[in-house]
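**Student:** from the sequence below, what's the structure:
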Amino acid sequence: MEIAIFFLLLLTMTNVNHRSPLRSVVLGLALLSVTTTVADSNDECPCKLLDRPSLRHKAETARWMVHSLDWGVLSTISTRLGDDGAPPIPFGNVYSFVDGTCDSSTGIPYFYGTYKDQSFQDTIENAAVSLTLSEASLASVCGGSNLKGCRIGGGGFGDPENPLCARLVLTGTFTVIDDDELDMAKAAIFERHASMEQWPTDHEWVVAKLEISDIWLIDFFGGASILNVDDYLAIDLVSSTPLQESH
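**Tutor:** The predicted structure follows:
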């Protein structure tokens with residue numbers, strides 16, 4: 001990054017015509033140095049991915065997804081859309097989350113956000129939310145890969161809607177935390193989403209969690225499984241996760 005700044009400063013300190021080939025070279029070197037920096041940093045992942053549970057273990061699969069994936073779609077009942085008296089209109093928004101530190105899975109999604117954002121605003125009037133996760137997003141996790149069952153193209157049957165590409169929807173109540181749980185949640189968030197710690201301080205950031213009341217999972221053919229919330233929360237993910245089965 002320092003190299004990129006050097007090249008950009010060089011560009012501003014010299015009177016280089018905007019059509020000059022030299023300007024293009026300097027800009028190219030700056031971009032290349034930024035790209036290299038990002039690529040190098042990806043080699044150091046905050047967490048080591050756990051093996052995917054076998055298809056027989058539904059609750060473990062759900063817990064594995066919540067612990068392994070970094071982001072999902074948080075859906076609220078919109079306070080912006082629709083007229084008075086109209087049916088409720090859902091609103092989905094991409095949100096990063098964690099369920100604990102790398103070595104400690106709680107199964108409970110925690111979010112770092114602000115009431116300046118539409119989703120948080122919606123929860124003031126109606127705290128009912130859902131969080132939708134797809135195993136296809138594992139490809140964007142540091143150290144993750146694009147699973148065969150989720151991969152589009154290449155002559156196979158992969159697709160995010162393929163039942164073998166797991167889909168999980170957690171529904172419950174969106175609750176802002178401000179007690180002893182807050183320190184744990186913030187430490188976990190900053191461990192796994194390090195850039196958040198550098199976000200502007202004037203946004204009045206808060207930490208919220210999803211108190212789960214319903215769990216909907218598809219990870220195989222034959223329809224969805226509705227999982228027992230207590231069984232899901234009781235799992236000791238790190239010690240109970242079976243070895244991965246290829247799909």
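**Student:** contacts, neighbours, all on C-alpha from now
**Tutor:** OK.
**Student:** quick one: Cys142 and Leu69 touch, right?
**Tutor:** No: judged on CA atoms under 8 Å, Cys142 makes no contact with Leu69 at a distance of 9.6 Å.
**Student:** the two: which is more packed in?
**Tutor:** Per other CA atoms under 10 Å, whichever of Cys142 and Leu69 has more neighbours is Leu69, with 24 against 20.
**Student:** all helices for the protein, in order.
**Tutor:** With DSSP state H, the ranges of helices along the chain come out as 2-13, 21-41, 58-68, 118-125, 180-192, 229-234, 237-240.
**Student:** longest strand of this protein?
**Tutor:** As assigned by DSSP state E, the longest strand anywhere in the chain is strand 206-218.
**Student:** output the contacting helices and strands for that one.
**Tutor:** strand 110-113, strand 167-177, helix 180-192, strand 225-227, helix 229-234 (3 or more CA pairs under 8 Å, 6 or more residues apart in numbering; DSSP states H and E).
**Student:** to Phe91, which of the ones you listed lies closest?
**Tutor:** Closest to Phe91 of the helices and strands packed on strand 206-218 is strand 167-177 (CA to CA; 14.1 Å).
**Student:** list the contacts of that closest one.
**Tutor:** Under the criterion CA atoms under 8 Å, 6 or more residues apart in numbering, residues 62, 65, 123, 127-135, 206-219 lie in contact with strand 167-177.
**Student:** can you tell me which of those residues are buried?
**Tutor:** Among the contacts of strand 167-177, those buried by neighbour count (16 or more other CA atoms under 10 Å) are 62, 65, 123, 127-135, 206-212, 215-219.
**Student:** buried set for stretch 94-101?
**Tutor:** For stretch 94-101, burial by neighbour count (16+ other CA under 10 Å) applies to 95-101.
**Student:** next, name the residue at the spatial heart of the chain.
**Tutor:** What sits nearest the mean C-alpha location of the chain, by CA atoms, centre = their mean, is Trp71, with 1.2 Å.
**Student:** correct me if wrong: it contacts Leu133.
**Tutor:** Yes: at 7.5 Å, Trp71 and Leu133 qualify as touching, with contact defined as CA under 8 Å.
**Student:** which residue, other than its chain neighbours, is closest to the residue nearest to the centre of the chain?
**Tutor:** Ser96 (4.1 Å; CA to CA, 6 or more residues apart in numbering).
**Student:** that neighbour and Leu74 touch, don't they?
**Tutor:** No: using CA under 8 Å, Ser96 and Leu74 do not qualify as a contacting pair, with a distance of 9.2 Å.
**Student:** how far away is the closest residue to Pro88 other than its chain neighbours from Val66?
**Tutor:** Among residues not flanking Pro88 along the chain, Ile77 sits closest, at 6.3 Å (CA to CA, 6+ apart). Applying CA to CA, to the nearest Å, the value for Ile77 to Val66 is 22 Å.
**Student:** ok, Val129 to Trp71 distance?
**Tutor:** Applying CA to CA, the value for Val129 to Trp71 is 15 Å.
**Student:** contacts only, for Thr94.
**Tutor:** Just to correct that, residue 94 is Val rather than Thr. Val94 sits in contact with 71-74, where contact means CA under 8 Å, 6+ apart.
**Student:** nearest to Tyr110 among the residues you listed?
**Tutor:** Closest approach to Tyr110 among those (CA to CA): Trp71, at 10.7 Å.
**Student:** that closest one and Ala86, how far apart?
**Tutor:** 31 Å.
**Student:** what does Leu138 give?
**Tutor:** Counting by CA to CA, the gap from Leu138 to Ala86 is 37 Å.
**Student:** these two: which has the busier surroundings?
**Tutor:** Leu138 (21 against 8).
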